[in-house]
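Peer 1: Turn this into a model:
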Amino acid sequence: MSDRIVLHDMVFQGRHGVSAAEQRNDQPFHVDVEMVLNLQPAAVEDDLGHTVDYGAVFEVARTVVESTSYRLIEALAEALAQEVLTAFPTITEVGIRVRKPKAPIEGTLAWAGVEIWRRRLGR
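Peer 2: Model (predicted):
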């Protein structure tokens, strides 16, 4: 299936990182969520009840990024994927991208990031 809903470049403030300063101080995290699901029923019926509410996905992402601290952005991405799959049973697969523009690296860098894809078990 190739139908997707994409939420691109959501920005949240979080406390994720290995250093004590990163765990103490908010910094921006940019998040993309790509959800794979059958969009034909929603398109044919023109009915929100047959798709995923973008606003609800946004709030799940915000809650995960802003309410918990992780040392690794890999762990943050995994938590986001699991929460989205749990909250929205019609999603069969989810892709998560997390970008950290203030990564503690000496030198010029736009951002450090990770991308993961997870499928619902049993599908």
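Peer 1: Going by C-alpha atoms from here, please, whenever you check contacts or count neighbours.
Peer 2: Noted.
Peer 1: helices and strands of the protein: which one has the lowest mean pLDDT?
Peer 2: Ranked by mean pLDDT, DSSP states H and E, the weakest helix or strand in the chain is helix 20-24, scoring a mean of 93.
Peer 1: Next secondary structure element downstream of that helix?
Peer 2: Sequence-wise, the next helix or strand downstream of helix 20-24 (DSSP states H and E) is strand 27-36.
Peer 1: Same question for that next one: list its buried residues.
Peer 2: Residues Gln27, Pro28, Phe29, His30, Val31, Asp32, Val33, Glu34, Met35, Val36 are the ones in strand 27-36 that count as buried (16 or more other CA atoms under 10 Å).
Peer 1: Could you give the separation of the least confident helix or strand of the chain from the chain centroid?
Peer 2: 22 Å (CA atoms, centre = their mean, to the nearest Å).
Peer 1: Let me know how buried Ser67 is, in neighbour terms.
Peer 2: Residues contacting Ser67 under the criterion other CA atoms under 10 Å number 10.
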